[in-house]
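>>> Sequence below, structure please.
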Amino acid sequence: MTGGSMRRGRRLDVRELAEFVAALSAAQTGETRPGPTEVYLLGTGPVADACAQRLRDGLVPFGFRVVALDDGRPEVRAVSAHRPGPWAAWDAEELDGLIEDVQAERVAHWAQSAAARPRIRTLHRPGSDSIGVIEFDCAAGRLVAKVGPQDVMLEEQEHVLRAHAAGAPIFPAPRGFEARDGVAVRLMDAVTDGAFVDRVFCRDPDGLLRADPAGVPALDGHLRVLTEWYADTLTEGEPQVAAYLYTERLHRLPETEACRRVGESVLGAAAYRQAFSRPVVLPDGSRSSYAELVAWVRDTYPQWRPLRSAVVHGDIFTSNLMWGQAGEPRFIDPRSAWDGAAQAVAGHGDPVFDLGTLLHAVSPMVTLLDAVGRGQEELVSPSVGPDSEGELDARDLVSTEDCPARAVYLDRAARLMAGWADPGAPVRMHLASACSLLGWLKYPKVVRTPGIWWAVFLAVVADLARARRVHEGLDPVFTHDGPR
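Residues are numbered from 1 along each chain as shown. All right, here's what the predicted structure looks like:
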């Protein structure tokens, strides 16, 4: 944000107001109810489309919605009431001024309690549960405003407050909360990116980013803080959310609209339906389908279920590991609800699920996400033909799936869990990884090609199979110890 004067638009005259109302009525959609968090872009043609996208890029992260209204006219103008007073208009060449004014109004409002003019530092890339993450300076220090759906932000805020009230400030200190029109903002102290992708991963000669066994110990400080937190909040009894995450989610998630929409768009409806029953050839020579392994999970759950709960993070990934302003380990983006179907009561869950979620980041999800981001999907895509009913071969993935860093992480996690007296923990580690991997199949920005869909899906099957191997007393690393 720059200093100096800003254009705040001109007041709509009677004719312009009538034209705006007519265009709004002609849209005939309930989503165009005028409000302080909407900006309307009137006009038609490529220039109008480009201007609408420019507004979205600048305003959506701040909790605004940009509504394009095709009024059949080539002249482009924006209409907004984000400041108190009458509706105002901006011409096409004034859109940067509108964006700057909206951003200034929002950040000034968030920092109002600090009684100082704020300065935007960074617009961070939002995660799957947010629409904007803005870092800014004010008299209270360096803060972050996380903008997202009101229900999600409220759950997250309550989770963080519980942790701080329990004397476990593992999250950035909360500074405020505001909600309006279904969009909420969490204010918190800023933290520093842990840069764990750079510290734990390295790029191979083939161009793939893979976890480095020598880099895994960089996670120790954060893992130690986590396990101390678990010990302080540990209680007897199975966490209420455990049965859903370890069993029901494996059944339900593939049938959700989000997963079906993505799967059917990249594979086709028939191939998507058949995928879950197709036999998969695993690196040890065994053959198991997703449906068979999920049935095994359901049948054996009483034998390895968690018997204790603790306050957990719920969604640990490398990008959620940060450093506080004094260099202490910090975590961001906790999670206490899944798929609109289950919630961790008072933030309590299975601490093993946290460790297993980080396992899926170590291998293979960071590798897959990096390949997608670099346009190298073909390097991680298994060879799956057009046949929607034949066997699938997961052996193409063994170099990504069973990288040595995976074994190093499992060994360190086992040491942390050694005193927990929890014989089912090693099984649940792999099941938590499978559950976390499965959740990626609902994100179209990640699963853009058939190859990536199959890579994630076969990684899920491999983790389910690993869990069964561990339950049967075998090593989780696939070896040629005979087909099942």
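
>>> what about residue 241, distance to residue 229?
Note on residue 241: its distance to residue 229, by C-beta to C-beta, to the nearest Å, is 17 Å. In this view, the C-beta of every residue, glycine as well, is placed from N, C-alpha and C.

>>> Is the closest residue to residue 396 other than its chain neighbours in a helix, a strand, or coil?
The shortest distance from residue 396 to any residue other than its chain neighbours is 4.1 Å, reached at residue 382 (C-beta to C-beta, 6 or more residues apart in numbering). Using DSSP: H, G, I helix; E, B strand; the rest coil, the secondary structure recorded for residue 382 is coil.

>>> how near is the nearest residue in space to residue 467 that is not next to it in sequence to residue 54?
Spatially, and ignoring its direct neighbours in sequence, residue 467 is nearest to residue 430 (4.0 Å; C-beta to C-beta, 6+ apart). As for residue 430, its distance to residue 54 is 46 Å (criterion: C-beta to C-beta).

>>> Let me know the average pLDDT across stretch 291-304.
Over the span of stretch 291-304, the pLDDT mean works out to 98.

>>> who's in contact with the helix or strand containing residue 252?
Using DSSP states H and E, residue 252 sits within helix 249-252. Counting by C-beta atoms under 8 Å, 6 or more residues apart in numbering, the neighbours of helix 249-252 from elsewhere in the structure are 294, 297, 298, 338, 339, 341, 342, 434, 435, 438, 464.

>>> Which of these fall in helices?
When helices are assigned by DSSP state H, the members of these inside them are 294, 297, 298, 434, 435, 438, 464.

>>> Leaving out the residues flanking it, which one is nearest to the second one?
What it means is residue 297. Nearest non-adjacent residue to residue 297, counting by C-beta to C-beta, 6+ apart: residue 247, 5.6 Å away.

>>> Which residue ranges make up the domains of this structure?
10-102, 111-190, 193-471 (automatic domain parsing).

>>> With distance to residue 478 and mean neighbour count added, can I get those domains in JSON lines?
Putting these into JSON lines (distance: least, C-beta to C-beta, whole Å; neighbours: other C-beta atoms under 10 Å) gives the following:
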{"stretch": "domain 10-102", "distance to residue 478": "43", "mean neighbour count": "17"}
{"stretch": "domain 111-190", "distance to residue 478": "30", "mean neighbour count": "18"}
{"stretch": "domain 193-471", "distance to residue 478": "4", "mean neighbour count": "19"}
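
>>> Turn these into CSV, including distance to residue 477.
Formatted as CSV, the domains of the chain follow (distance: least, C-beta to C-beta, whole Å):
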stretch, distance to residue 477
domain 10-102, 43
domain 111-190, 31
domain 193-471, 6
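
>>> where in the stretch 51-200 of the chain is pLDDT low?
Low-confidence segments of the stretch 51-200 of the chain, defined by pLDDT under 70: 112-116.

>>> Okay, helices next: where are they in it?
Under the criterion DSSP state H, counting those that start in this stretch, helices of the stretch 51-200 of the chain are mapped to 95-110, 150-165, 196-200.

>>> roughly how far is the strand of greatest length in the chain from the heart of the chain?
Assignment by DSSP state E gives strand 141-149 as the longest strand of the chain. For strand 141-149, the distance from its own C-alpha centre to the chain's C-alpha centre is 16 Å (C-alpha atoms, centre = their mean, to the nearest Å).

>>> do stretch 325-337 as well
Centre to centre, stretch against its chain (C-alpha atoms, centre = their mean), the figure for stretch 325-337 is 14 Å.

>>> With stretch 328-343 instead?
Relative to the mean C-alpha coordinate of its chain, stretch 328-343 is positioned 10 Å out (C-alpha atoms, centre = their mean).

>>> May I ask which helix or strand encompasses the residue nearest to residue 467?
Element membership for residue 430 (DSSP H and E) is helix 425-439.

>>> could you show me where the strands are in the stretch 301-450 of the chain, in order?
Read by DSSP state E, counting those that start in this stretch, the stretch 301-450 of the chain holds these strands, from start to end of the chain: 308-311, 321-323, 329-331, 337-338, 342-343, 348-349, 392-393.

>>> Specify the beta-bridge partners of the residue nearest to residue 239 when sequence neighbours are not counted.
When the adjacent residues along the chain are set aside, residue 239 lies closest to residue 309, with 3.7 Å between them (C-beta to C-beta, 6+ apart). Legend: beta-bridge partners of residue 309 under DSSP bridges are residue 235.

>>> shouldn't residue 309 be in contact with residue 347?
No: with contact defined as C-beta atoms under 8 Å, residue 309 does not count as touching residue 347 (9.5 Å).

>>> Could you work out the end-to-end span of stretch 54-73 for me?
Across its full length, stretch 54-73 reaches 19 Å between end residues, using C-alpha to C-alpha, to the nearest Å.

>>> Give me the residues contacting it.
Judged by C-beta under 8 Å, 6+ apart, the contacts made with stretch 54-73 from elsewhere in the structure are 19, 22-24, 26-27, 31-32, 37-44, 48-49, 52, 78, 82, 95, 98-99, 102-103, 106, 123, 126, 131-134, 147, 183, 185.

>>> Likewise for stretch 337-346?
152, 155, 162, 239-241, 244-245, 248-249, 252-253, 256, 311-312, 314, 336.

>>> go on, stretch 421-433?
For stretch 421-433, the external contacting residues (C-beta under 8 Å, 6+ apart) are 245-246, 297, 303-308, 350, 352-357, 359-360, 410, 413-414, 417, 463-464, 466-467, 470-471, 476.

>>> ok so, going back, and the longest strand of the chain, what other elements does it pack with?
With contacts defined as 3 or more C-beta pairs under 8 Å, 6 or more residues apart in numbering; DSSP states H and E, the packing partners of strand 141-149 are helix 95-110, strand 132-138, helix 150-165, strand 183-189.

>>> With only the CA atoms kept, save the second one in CSV.
Provided in CSV are the C-alpha atoms of strand 132-138 (Å, rounded to 0.1, in the frame of the first residue of the first chain):
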residue,chain,number,x,y,z
GLY,A,132,-6.8,-14.2,2.0
VAL,A,133,-3.9,-14.0,4.4
ILE,A,134,-2.6,-10.4,4.8
GLU,A,135,0.5,-9.5,6.9
PHE,A,136,0.7,-5.9,8.0
ASP,A,137,2.5,-3.5,10.5
CYS,A,138,0.7,-1.4,13.1
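
>>> Show me what it is packed up against.
For strand 132-138, the helices and strands in contact under the criterion 3+ C-beta pairs under 8 Å, 6+ apart are helix 95-110, strand 119-124, strand 141-149.

>>> could you redo the last one with a cut-off of 7 Å?
Counting contacts by 3 or more C-beta pairs under 7 Å, 6 or more residues apart in numbering; DSSP states H and E, strand 132-138 is packed against strand 119-124, strand 141-149.
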